[in-house]
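> Provided below are the primary sequence and the corresponding predicted coordinates.
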Amino acid sequence: QIPMFRTIALLVAFTLSLVESNDQDLPLCYASTQSPLEYVPLDMEFNPSLDSKLSKVDVEKMAPYWNLSCPWEWSKFSCIHQDQLTKSILAYEFSSNLNAKGCRLSEFDAEALLKLLGDRTLLFVGDSSSRQMFTSMLCMIESHPSVKVVEDNIKWSNNINCGKYTNCIESGQHSGFVEGNVKFSLNETPNDVLDVRFEYKDDGASLPHVLKEHADLKIHHSIVVANIGSHIPLNKRLYETKYFAAYTEQKKMALPIVIYRESAPQHFQGHPGGVFIKGKSKLGNCEAEIDLDQDYLSKPERTHLKGKMPVISVNPFSGNAGKYHVGIGVDCSHWCAPGVPDLWNVVLFNYINAHLKKLEKVEY
């Protein structure tokens with residue numbers, strides 16, 4: 001356990017680091033005057049050199065979680081635990097930058113998020129990329145000194161596939177999990193419990209299935225952050241994307257709040273869009289950037305979902321963040337933690353903070 005005074009010191013240092021990097025003269029990327037349907041592309045103004053000015057000690061003090069300090073981190077995605085010191089520092093630096101071209105993001109505030117959401121359920125649905133976002137959300141909430149864990153229902157694996165990962169924990173805490181949920185509350189409002197859940201679905205995030213499995217979700221109150229995943233073939237992907245838009249439009253008066261999280265690209269060599277193609281992709285270093293117009297994961301979403309339902313953007317900044325994948329010779333899909341998925345949650349926090357009232361009333 002980290003002593004309370006040190007926890008507070010870490011939180012203050014982390015907060016100050018973000019404030020100092022945030023240009024207050026820029027308008028917010030998400031504002032209540034906008035429509036929740038407005039798609040806001042985010043191109044983060046950040047291009048660090050390989051000789052970062054931050055040290056390991058600096059990041060240990062500033063990061064909300066680090067080197068398995070979070071109870072729900074996976075060892076294989078903690079780049080510092082994987083002995084990738086430089087990459088782990090750069091990934092953290094990238095995730096802590098709040099300035100985009102033409103606008104800025106407010107820093108993630110776990111206390112403000114719990115006060116805003118109260119007793120809701122926040123459900124993440126998708127594949128392992130969505131699970132990284134879910135895990136990041138758990139870690140970012142838990143790091144706040146005013147937050148307490150009410151219930152932890154994560155069931156850890158007994159035999160995780162470590163592959164080429166070093167220092168990989170194969171079973172028990174920090175190994176891996178499929179699904180689960182954790183409940184949080186604030187010390188000052190213990191009766192308002194936020195239930196953060198994850199459901200793994202890699203063949204298309206079929207909302208009817210999700211709603212059946214989570215029948216306690218409340219209409220216009222609970223929040224579902226969904227993504228159809230990266231494992232379905234292109235023809236089915238186009239169908240699922242169009243179906244998702246049509247279903248949410250037709251049923252929106254009888255659904256919980258549904259927010260689609262734009263897909264983050266992969267960065268494999270051998271395809272200009274970075275997508276993994278069996279037998280064609282080169283397993284080695286990840287591409288630093290990809291061509292989003294060639295990315296068949298996210299391009300159909302921008303074509304068929306943008307302006308038709310609530311969508312949070314994770315591009316083009318994720319497309320430009322190929323250096324912050326775990327790598328290890330084969331993994332250009334998953335991200336260092338802390339890292340890019342933390343920034344996705346910053347975006348989600350900003351979006352919800354700006355639009356929650358309109359989303360509740362379906363004013364879009």
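Now that the structure is in, tell me what you want to look at.
> how about the helices in the stretch 201-350 of the chain?
Here the stretch 201-350 of the chain has its helices, by DSSP state H, counting those that start in this stretch, at 207-213, 234-251, 299-304, 340-361.
> what's the second one packed up against?
Contact analysis of helix 234-251 by 3 or more CB pairs under 8 Å, 6 or more residues apart in numbering; DSSP states H and E lists helix 207-213, helix 299-304 as its packing neighbours. C-beta here means a position set from N, CA and C on the backbone, and glycine is covered the same way.
> could you identify which of these is most buried?
helix 299-304 (a mean of 19; mean count of other CB atoms under 10 Å).
> any stretches of the stretch 201-350 of the chain with poor pLDDT?
With pLDDT under 70 as the threshold, the stretch 201-350 of the chain has low-confidence stretches at 205, 329.
> check the stretch 51-200 of the chain too.
Those would be 51-52, if you go by pLDDT under 70 across the stretch 51-200 of the chain.
> about what we covered before: relative to residue 258, which of the helices and strands packed on helix 234-251 is closest?
Minimum separation from residue 258 across the helices and strands packed on helix 234-251 (CB to CB) falls at helix 207-213, 6.9 Å.
> chain center to that closest one: distance?
Relative to its chain's centre, helix 207-213 lies at 21 Å (CA atoms, centre = their mean, to the nearest Å).
> mind checking the end-to-end distance for stretch 77-92?
Using CA to CA, to the nearest Å, one end of stretch 77-92 lies 13 Å from the other.
> can you name the residues in contact with it?
48, 50, 52, 54-56, 59, 62-63, 66-68, 75-76, 132, 165-167, 323-324, 326-328, 334-340 (CB atoms under 8 Å, 6 or more residues apart in numbering).
> please check the residues you listed and keep the buried ones.
Buried subset of those (neighbour count, 16 or more other CB atoms under 10 Å): 52, 54, 59, 62-63, 66-68, 75-76, 132, 165, 323-324, 326-328, 334-340.
> how close does the residue nearest to residue 217 when sequence neighbours are not counted sit to residue 326?
Closest residue to residue 217 apart from its sequence neighbours, by CB to CB, 6 or more residues apart in numbering: residue 256 at 4.5 Å. Here residue 256 is placed at a distance of 32 Å from residue 326 (CB to CB, to the nearest Å).
> circling back to that earlier point, among the buried ones among the contacts of stretch 77-92, which ones are in strands?
Those of the buried ones among the contacts of stretch 77-92 mapping onto strands are 326, 327, 334, 335, per DSSP state E.
> out of those residues, what pair is the most spread apart?
For these, and using CB to CB, no pair is farther apart than 327 and 335, which are 10.2 Å apart.
> quick check: longest strand of the chain.
For the chain, the longest strand by residue count, based on DSSP E, is strand 189-200.
> show residues contacting that one.
113-115, 117-128, 130-131, 134, 137-138, 141, 148, 150, 178-186, 210, 213-214.
> isn't residue 281 right next to residue 270, touching?
Yes - when contacts are counted by CB atoms under 8 Å, residue 281 is listed as touching residue 270 (4.4 Å).
> hang on, the earlier thing: list buried members of the contacts of strand 189-200 by neighbour count.
For these, a burial check counting by 16+ other CB under 10 Å picks out 113-114, 117, 120-128, 130-131, 134, 137-138, 141, 179-186, 210, 214.
> what about those residues, which are in strands?
Among these, the ones falling in strands (DSSP E) are 121-126, 180-186.
> which one of those residues sits closest to residue 264?
residue 126 (10.8 Å).
> and the ones in strands among the buried ones among the contacts of strand 189-200, which two are the farthest apart?
It's 126 and 186 that sit farthest apart of those, by CB to CB, at 27.6 Å.
> how about the most centrally placed residue in the chain: what's its closest non-neighbour residue?
The centroid of the chain falls nearest to residue 133 when counting by CA atoms, centre = their mean (3.0 Å). Distances taken as CB to CB, 6+ apart place residue 341 nearest to residue 133, at 4.8 Å, with adjacent residues excluded.
> could you do residue 323 as well?
Residue 323 sits nearest to residue 288 (CB to CB, 6+ apart), 5.2 Å away.
> that older thread, export the ones in strands among the buried ones among the contacts of stretch 77-92 to TSV and tack on distance to residue 38?
Putting those into TSV (distance: CB to CB, whole Å) gives the following:
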residue	distance to residue 38
326	33
327	35
334	30
335	26
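> where do the helices sit along the stretch 51-200 of the chain?
Going by DSSP H, counting those that start in this stretch, the stretch 51-200 of the chain shows helices at 56-62, 85-96, 110-117, 128-142.
> which one of those helices lies closest to residue 302?
Judging these by CB to CB, what sits closest to residue 302 is helix 128-142, at 16.8 Å.
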